[in-house]
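S.K.: everything below, folded, please.
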Amino acid sequence: NPIDMFNTWFGLMRSIPAGRFRVIGLDVIEDIETGLADFVWENPLRFNHTKQQYMRMTGIYWGDVKNFWKSILVDIGSRCETFAFAVHIGAVWGSDNKPLAGQKRPKGKSTLMELATLFLQLERPTLPDGSRQSVPSARRLKSRLSHNIVKDGQLYTQEILPPRIPQCTPETIRAYMAKPFDP
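M.R.: Numbering: from 1, shown residues only. So this is what the prediction gives:
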């Protein structure tokens with residue numbers, strides 16, 4: 001069940017010594033988030049609350065979930081250079097409780113987007129022959145990757161990645177880091 005999966009994963013993450021791995025990956029993160037939320041619900045005293053408080057004021061519960069998740073993600077980030085994770089894409093729902101045509105968003109808690117240095121939506125477009133592109137393209141949803149340039153005493157920030165990356169691989173991202181796109 002989700003809480004057991006979370007407990008096992010969380011124990012493994014805490015057992016990794018800092019610097020042992022350059023990259024830690026998780027595919028998909030929503031399963032861990034579900035277990036994390038269940039863990040907080042089942043352990044309110046760990047967060048200085050009671051089950052009754054959670055039931056009466058769900059904002060307290062969700063605040064504890066977010067803070068606990070943030071502390072876990074920061075801890076993982078201190079153990080490696082890159083924490084890479086995958087989330088599914090879900091429909092965006094309108095006020096009429098119907099999905100908005102063609103609109104998609106990443107699933108997962110907002111904490112992921114908040115802490116991420118780079119958040120990409122990978123896609124494998126359909127080619128004219130009906131097959132899928134073998135290397136994914138990406139839409140940049142968030143990036144803190146930039147170069148700061150001082151020119152004539154002024155500080156300028158240049159984004160490294162374009163809004164869309166036609167073929168998105170780690171090598172492509174490294175190439176943009178060496179030579180940023182020119183808007």
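S.K.: give me the most central residue, the chain.
M.R.: Nearest to the geometric centre of the chain sits L112, at 4.0 Å (CA atoms, centre = their mean).
S.K.: going by residue numbers, what spans are helices in this structure?
M.R.: Taking DSSP state H, the helices of the chain run over residues 2-15, 30-42, 51-56, 58-77, 110-115, 170-178.
S.K.: rewinding a little: who's in contact with the residue nearest to the centre of the chain?
M.R.: L112 makes contact with I29, L73, F85, V87, P106, F119, according to CB atoms under 8 Å, 6 or more residues apart in numbering. Backbone N, C-alpha and C define where each C-beta goes, glycine included.
S.K.: check what pLDDT the residue of the chain positioned farthest from its centre gets.
M.R.: What lies farthest from the middle of the chain is D152; by CA atoms, centre = their mean that is 37.2 Å. D152 is assigned 90 on the pLDDT scale.
S.K.: mean pLDDT lowest for which of the helices of the chain?
M.R.: Mean pLDDT is lowest for helix 110-115 among these, at a mean of 87.
S.K.: what comes up buried for that helix?
M.R.: If you call a residue buried by 16 or more other CB atoms under 10 Å, then helix 110-115 has these buried ones: T111, L112.
S.K.: these two touch, right, Q121 and A138?
M.R.: Yes: using CB atoms under 8 Å, Q121 is in contact with A138, at 6.4 Å.
S.K.: who has more neighbours, the two?
M.R.: Neighbours were counted for Q121 and for A138 using other CB atoms under 10 Å; A138 has more, 22 against 17.
S.K.: now for the more buried one: which residues touch it?
M.R.: Contacts of A138 by CB under 8 Å, 6+ apart are L120, Q121, L122, E123, R164, I165, C168.
S.K.: phi, psi for the residue lying closest to it once chain neighbours are set aside please.
M.R.: Excluding the flanking residues, the one nearest A138 by CB to CB, 6 or more residues apart in numbering is C168, at 3.6 Å. For C168, the backbone dihedrals (degrees, to the nearest 10) come out as phi -100, psi 110.
S.K.: ok, C168 - how many residues close by?
M.R.: C168, neighbours per other CB under 10 Å, totals 21.
S.K.: give the contact list for R144.
M.R.: Neighbouring residues of R144 by CB under 8 Å, 6+ apart: T117, L118.
S.K.: 7 Å instead?
M.R.: By CB atoms under 7 Å, 6 or more residues apart in numbering, R144 lies in contact with T117.
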